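Participant: pasting the sequence and the predicted model now:
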Amino acid sequence: MLKSLNLTGLDYILVLLLLLTEFTRSAFFLTFWPLYAVNFLHLSVVTAGVVVSAHYLSETLVKGAVGYQLDRRGRPVLIVGLIISFLSLISIYLLNVKHELFMVLSGGLFGLGFAPVWLAVMSQVAPIDRPDRAGRIGLVFSAWLIGAGAGPVGINFILPIGFRPTFQILILLWLTAVLLVIFIPFRTKTTSTKVSPVEQFKKLARNPMVVKVLLPGMFLQTMAASLLLPVLPIYATKVLGLASQQYGLLLTAGGAATVLFLVPMGRLVDRLPLRVMLTGGFLLSAIFLAAFPLTKNLTYIIILVLLVGGSYAMVLPAWNSLLARAIPAEHQATGWGIFTTLEGLGIATGPTLGGVISGYIHPVGTIYLSAIILGGMGIFYLFYPFDQLSCPQE
């Protein structure tokens, strides 16, 4: 399957870079840091959470500007970003005392440094001018999902050796990523055209495809997924009566199904009309998600999780291939940065709305709302003539 993508050595290096950095980042902020902050530094749970929020918020807010610098300057931006994140890790490790504000700032700096990684990998491995970009997008998302999923789980097997040794291993992993970028010779594509992120956003906003199709779709898709974040653990334990280990198994199964099918689905996106993949992916996701409240049988639940994961694997490469139509070839990193920033707004909105519905109505209400949104998007893309709204590449 990978041979058909005609990947170069540089492509493999960049995919490995994304996997390694996402593994380390997710392991640190989603598992290691909360435990380290509360049990070793004796910080409050609130402070630990604020640090995590500062990290992801800073990454989201600067992606447009970072993408602009990537388009203009190339690899130096990626190197500087990785070094900034490395220094923030070192500072947290060395400052072995309670300094809440410093920890929050360090978490934010880590996010600032991480911002160029995904943008650089996506714009180089899956450039929008390649006919096989959907298959390559599937590969990029596979690396991202593997890192994001394996990091928080895998770090639990290292933690028994102690907080400080585990921290040192995370620092060494990030240092490996820095050295990988510094000493492996490659050049990223850059452009001398000076179009600021604001000008780029205005240009995108004048495109009917962006206003009528992409902006609403980005917000609703990410909101539909993030609606479930505060609800799934409650639903799994209180409604389904699952133990935490069984819930972890479900998450692993869903993530594994998505990763397994991403590259094959990406190849299908390169061969079939986008309408087929988008409509099929959204409608199947909605149907399988809406079926969850209908059963409490663990076997059926696992099957549904696998089916939702496979359906979402249809959506990801198709959706990002659609996004690529609106991004000028000479400003790829800037365009991806703007779009991922806007997607972050949907991610930020979903958990709050999902928590309100779950608290005032029932967790099942949140599941059905997410399914309704996804189903509505599937129907929209079935009938809306978005193929006629492609953006001319400048």
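Facilitator: It's in. Residues are numbered from 1 along each chain as shown.

Participant: helix or strand next in line after the helix or strand containing residue 269, which one?
Facilitator: Assigned by DSSP states H and E, residue 269 belongs to helix 244-271. Remark: after helix 244-271, the chain's next helix or strand is helix 274-290, criterion DSSP H and E.

Participant: next, the angle from that next one to helix 244-271.
Facilitator: 160 degrees (axes from the mean of the first three to the mean of the last three C-alpha atoms, to 10 degrees).

Participant: what's helix 274-290 in contact with?
Facilitator: 265, 268-269, 304, 307-308, 311-315, 317-319, 321-322, 367-368, 370-372, 374-375, 377-379, 381-382, 386-387 (C-beta atoms under 8 Å, 6 or more residues apart in numbering). Using the backbone N, CA and C atoms, a C-beta is placed for each residue, glycine as well.

Participant: among these, which lie within strands?
Facilitator: Among the contacts of helix 274-290, none falls in strands (DSSP state E).

Participant: derive a ChimeraX selection command for the buried subset of those.
Facilitator: Filtering the contacts of helix 274-290 down to the buried ones (16 or more other C-beta atoms under 10 Å) takes a single ChimeraX command:
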select :265,268,269,304,307,308,311,312,313,314,315,317,318,319,321,322,367,368,370,371,374,375,377,378,381,386
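
Participant: which of the contacts of helix 274-290 fall within helices?
Facilitator: Secondary structure defined by DSSP state H assigns 265, 268-269, 304, 307-308, 311-315, 317-319, 321-322, 367-368, 370-372, 374-375, 377-379, 381-382 of those to helices.

Participant: could you list the domains of the protein?
Facilitator: Here the domain parsing of the chain from automatic domain parsing is 3-183, 197-384.

Participant: can you lay out these as TSV showing mean pLDDT?
Facilitator: Compiled in TSV, the domains of the chain are given as follows (pLDDT from 0 to 100):
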stretch	mean pLDDT
domain 3-183	84
domain 197-384	79
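
Participant: could you look up the SS state of the residue positioned nearest the centre of the chain?
Facilitator: Central residue check for the chain by C-alpha atoms, centre = their mean: the C-alpha nearest the mean position is that of residue 144, 6.9 Å away. Residue 144 falls in the helix class when you classify it by DSSP: H, G, I helix; E, B strand; the rest coil.

Participant: who's in contact with it?
Facilitator: Neighbouring residues of residue 144 by C-beta under 8 Å, 6+ apart: 18-19, 22, 118.

Participant: which residues touch residue 51?
Facilitator: Counted by C-beta under 8 Å, 6+ apart, residue 51 has contacts 29, 33, 37, 103-104, 106-107.

Participant: hmm, which two among these are most spread apart?
Facilitator: Greatest spacing in the contacts of residue 51, by C-beta to C-beta: 29 and 104 (12.7 Å).

Participant: now the closest residue to residue 322 other than its chain neighbours: how far from residue 267?
Facilitator: Leaving aside its chain neighbours, residue 322 sits nearest to residue 274 (5.7 Å; criterion: C-beta to C-beta, 6 or more residues apart in numbering). Distance, residue 274 to residue 267, using C-beta to C-beta, to the nearest Å: 14 Å.

Participant: any idea how far the spatially closest residue to residue 257 that is not a sequence neighbour lies from residue 288?
Facilitator: Spatial nearest neighbour of residue 257, chain neighbours left out: residue 309 (3.1 Å); criterion: C-beta to C-beta, 6+ apart. When distance is defined by C-beta to C-beta, residue 309 is 9 Å away from residue 288.

Participant: CA atoms only: put stretch 141-154 into PDB for me.
Facilitator: In PDB, the C-alpha atoms belonging to stretch 141-154 read as follows (Å, rounded to 0.1, in the frame of the first residue of the first chain):
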ATOM      1  CA  PHE A 141      -3.100  11.200   9.800                       C
ATOM      2  CA  SER A 142      -2.100   7.600  10.600                       C
ATOM      3  CA  ALA A 143       1.200   8.800  12.000                       C
ATOM      4  CA  TRP A 144      -0.500  11.500  14.000                       C
ATOM      5  CA  LEU A 145      -3.100   9.200  15.400                       C
ATOM      6  CA  ILE A 146      -0.600   6.500  16.300                       C
ATOM      7  CA  GLY A 147       1.500   9.000  18.100                       C
ATOM      8  CA  ALA A 148      -1.400  10.700  19.900                       C
ATOM      9  CA  GLY A 149      -2.900   7.300  20.900                       C
ATOM     10  CA  ALA A 150       0.300   5.400  21.800                       C
ATOM     11  CA  GLY A 151       1.900   8.200  23.800                       C
ATOM     12  CA  PRO A 152      -0.600   8.500  26.700                       C
ATOM     13  CA  VAL A 153      -0.900   4.700  26.900                       C
ATOM     14  CA  GLY A 154       2.700   3.800  26.400                       C
END
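
Participant: before I go, just wanted to say thanks for your time.
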